[in-house]
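Student: here is my input, please return the structure:
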Amino acid sequence: MNYLIGLDIGTSAVKGVLLSAEGRVIDTVNGPFTYTEKGTARLLDPEEFISTCFGVIRDLAKSADGAVAAISACCASGNIILLDEDMKPITPIIGWQTTVPMSDVEKLHTKEEIDAVYNIVGWPALDSFPFATLSSMRVNRPDLLDSAKMVTMSAEYLAYRLTGKWGISHSMGTPFYMMDQEKGVYNKALLEKLGICECKLPPIYDKGTVLGALTAESVSDLGTGADTKYVLGSFDHPSGALGAGVLKEGEMLLSCGTSWVELFPVKSREFAISTGGLVDRYMLNGAPYCVMKSLTSVTEKINYLRNKFFGSVPHKEFDGYVGEGVLGCGGLAFDFDDLDAVDPAGHTKPEIARAIIESAARMLGENLAELKKCGLECNKVVIIGGITNAKVCIDVIEEVLGIPLESVNGQSAGAVGSALLAGIGVGIYESETAAFEKMYANLKNK
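Tutor: Residues are numbered from 1 along each chain as shown. Below is the predicted model of the structure:
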């Protein structure tokens, strides 16, 4: 029997699944990442990153009683790393949450050029992600940028370490911020301003493309089987949408990872851009684009409030308090833009616990209302991510939003989507829809 391995390289951890060719989830494995903070930078050691991802692959391969046909990975992308001529890191992995002063960006680009980034890339210029990070590097550390022989991101570096080959998918290329999204090529004007030669960047391919076979060294280390292929994956939320079956216009994915993201499949990039949301390439056979609205770092903010008011209580205990609370939380609401602004003195533990979740849900509802004004409506909502482990929290979100939520593959949806894409890449499944239906039939028959 052939197997598929899918990775979901998140901000705080990598999640992996082993999927049989028949679409049955055989095993799941997680591995955490540990960042160091340096000012406004969030940095990850490249070898620790590789070791953690390899460890997850190795553990999954042990659960297979046959060869692993293919591996693919999605990623919370935008994590820059620079390499020397021997393809050794000369920087840590610079996490996407790293921020730089916009004044650095403005020293290199005119206002018109900064405003034009959205139409070119599909995402607006921010004070984080590679456009800002590399602009700041060009201004402050041009020697470092010029000495690099490869400018890439963490997921592409993992693929290189597995196969010895470079490549990036159109979808991953969006948060790389140097690609013309519609044309699927690097934007020469952006590269000229950043002072980066295209020869220093990974070649661009469609997601689902077989980048290459794992090297003999990787096969020996990981135990996958001699003919394992690596298939280029996508940005994490589109992969989660595939793993959760959000494949048509009128459907919405609510992906609750480090950030909470609403994702809508759409047929037109022109319409997608008109919404002002984050736009990415999506299906190979279906809606070609998707629109996302991100509520940045919501889960981290929830964790901050939970730890502030409840300490390191088990999740089950906190969830119990949430379940005891009632709609409205006795008038208590938290401001997720200023977490310390509200003093809950005089409120009960159930009111405080529920208010944390309810405040996040109300912020989500406000975003959905704004997106509806832009023409993004849904008749089906599927929720994935860590919060799906707590049904009581899903119940709170349902009550606040007034719409039913379905959960498919929960915390593993992104990794399942990667495994399905790996199967498409090596010809086991003919399309995203066929791949999901094969997997979902097994899920329903559990």
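Student: apart from its chain neighbours, what residue comes closest to residue 137?
Tutor: residue 145 (4.9 Å; Cβ to Cβ, 6 or more residues apart in numbering). The C-beta positions use only the backbone N, C-alpha and C, and glycine is treated the same way.
Student: which residues of the stretch 101-250 of the chain score low on pLDDT?
Tutor: Counting by pLDDT under 70, the stretch 101-250 of the chain contains no low-confidence segment.
Student: so the closest residue to residue 332 other than its chain neighbours: helix, strand or coil?
Tutor: Closest residue in space to residue 332, ignoring its immediate chain neighbours: residue 355 at 4.2 Å, by Cβ to Cβ, 6+ apart. Under the three-state scheme (DSSP: H, G, I helix; E, B strand; the rest coil), residue 355 adopts helix.
Student: might one say that the residue nearest to residue 137 is in contact with residue 195?
Tutor: Yes - between residue 145 and residue 195 there is a contact under Cβ atoms under 8 Å: 6.6 Å.
Student: more neighbours, those two?
Tutor: More crowded of residue 145 and residue 195, by other Cβ atoms under 10 Å: residue 145, with 19 against 13.
Student: remind me what whichever strand or helix holds the more buried one packs against, helices and strands.
Tutor: Using DSSP states H and E, residue 145 falls within helix 142-147. Identification of packing neighbours for helix 142-147 by 3 or more Cβ pairs under 8 Å, 6 or more residues apart in numbering; DSSP states H and E yields strand 80-83, helix 129-140.
Student: turn these into a markdown table, including mean neighbour count.
Tutor: Converted to a markdown table, the helices and strands packed on helix 142-147 look like this (neighbours: other Cβ atoms under 10 Å):
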| stretch | mean neighbour count |
| --- | --- |
| strand 80-83 | 21 |
| helix 129-140 | 23 |
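Student: residue 228 is nearest to which of the ones you listed?
Tutor: Nearest of these to residue 228, taken as Cβ to Cβ: strand 80-83 at 23.9 Å.
Student: which residues does the helix or strand following that closest one contact?
Tutor: Next in sequence after strand 80-83, counting helices and strands by DSSP H and E, comes strand 93-94. Under the criterion Cβ atoms under 8 Å, 6 or more residues apart in numbering, residues 41-46, 49, 79-81, 133, 154, 157 lie in contact with strand 93-94.
Student: going by distance to residue 363, which of these wins?
Tutor: For those, the residue nearest residue 363 by Cβ to Cβ is residue 42; the value is 22.9 Å.
Student: looking at this, the closest one is in a strand?
Tutor: Yes - secondary structure of residue 42 (three-state DSSP): part of a strand.
Student: hmm, what's the outermost residue in the chain?
Tutor: Relative to the centre of the chain, and counting by Cα atoms, centre = their mean, the farthest-placed residue is residue 346 at 38.7 Å.
Student: now that one: which helix or strand?
Tutor: Here residue 346 is assigned to no helix or strand, by DSSP H and E.
Student: one step back: now do the contacts for the residue nearest to residue 332.
Tutor: So residue 355 contacts 325, 329, 332-334, 344, 347 (Cβ under 8 Å, 6+ apart).
Student: let's see it at 10 Å
Tutor: For residue 355, the contact set (Cβ atoms under 10 Å, 6 or more residues apart in numbering) comprises 305, 309, 322, 325, 328-334, 342, 344, 347, 362, 396.
Student: do residue 136 as well
Tutor: Neighbours of residue 136 in contact, by Cβ under 10 Å, 6+ apart: 98-105, 107-108, 127.
Student: do residue 436 as well
Tutor: Residues in contact with residue 436, defined by Cβ under 10 Å, 6+ apart, are 23, 241-247, 408-409, 416-417, 420, 429, 443.
Student: that one in helix, strand or coil?
Tutor: Three-state assignment for residue 436 (three-state DSSP): helix.
Student: which of the contacts of residue 436 are buried?
Tutor: For those, a burial check counting by 16 or more other Cβ atoms under 10 Å picks out 23, 241-247, 408-409, 416-417, 420, 429.
Student: next, format the residues you listed as TSV and append distance to residue 262 and secondary structure.
Tutor: As requested, the buried ones among the contacts of residue 436 are arranged in TSV below (distance: Cβ to Cβ, whole Å; DSSP: H, G, I helix; E, B strand; the rest coil):
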residue	distance to residue 262	secondary structure
23	27	coil
241	11	helix
242	16	helix
243	16	helix
244	13	helix
245	16	coil
246	10	coil
247	16	coil
408	16	coil
409	18	coil
416	20	helix
417	17	helix
420	22	helix
429	27	coil
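Student: which among those residues gets closest to residue 380?
Tutor: Of the buried ones among the contacts of residue 436, the one sitting nearest to residue 380 (Cβ to Cβ) turns out to be residue 246, at 7.7 Å.
Student: residues near residue 304, how many?
Tutor: Residue 304 - counted by other Cβ under 10 Å - has 15 other residues nearby.
Student: quick one: end-to-end distance for stretch 63-73.
Tutor: One end of stretch 63-73 sits 18 Å from the other (Cα to Cα, to the nearest Å).
Student: wait, residue 389 touches residue 318, no?
Tutor: No - applying Cβ atoms under 10 Å as the test, residue 389 and residue 318 come out as separate, 11.8 Å apart.
Student: which of those two has more residues huddled nearby?
Tutor: Using other Cβ under 10 Å as the criterion, residue 389 and residue 318 rank with residue 318 on top: 23 against 14.
Student: what strand or helix carries that one?
Tutor: helix 315-324.
Student: okay, and the common contacts of residue 145 and residue 195?
Tutor: Common contacts of residue 145 and residue 195, defined by Cβ under 10 Å, 6+ apart, comprise 134, 137-138.
Student: can you redo the residues you listed as CSV with distance to residue 1?
Tutor: Shown next, in CSV, are those (distance: Cβ to Cβ, whole Å):
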residue, distance to residue 1
134, 44
137, 47
138, 50
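Student: and which of those is nearest residue 178?
Tutor: Looking across these and measuring by Cβ to Cβ, the closest to residue 178 is residue 134, at 8.1 Å.
Student: ok, that closest one - contacts?
Tutor: The contact partners of residue 134, taken as Cβ under 10 Å, 6+ apart, are 80, 82, 94, 100, 105, 108, 145, 151, 176-178, 190, 193-196.
Student: on that earlier part again, what about the residue nearest to residue 332, distance to residue 402?
Tutor: Between residue 355 and residue 402 the distance is 18 Å, computed by Cβ to Cβ, to the nearest Å.
Student: repeat that for residue 413.
Tutor: 24 Å.
Student: just residue 81 next, same as before
Tutor: According to Cβ to Cβ, residue 81 and residue 402 sit 44 Å apart.
Student: distance check, the closest residue to residue 11 other than its chain neighbours against residue 95.
Tutor: What sits nearest to residue 11 in space, not counting adjacent residues and going by Cβ to Cβ, 6+ apart, is residue 258, at 4.2 Å. With distances taken as Cβ to Cβ, residue 258 is found 10 Å from residue 95.
Student: intersection of neighbour lists for the two?
Tutor: Joint contacts of residue 258 and residue 95 (Cβ under 10 Å, 6+ apart) are 11, 76.
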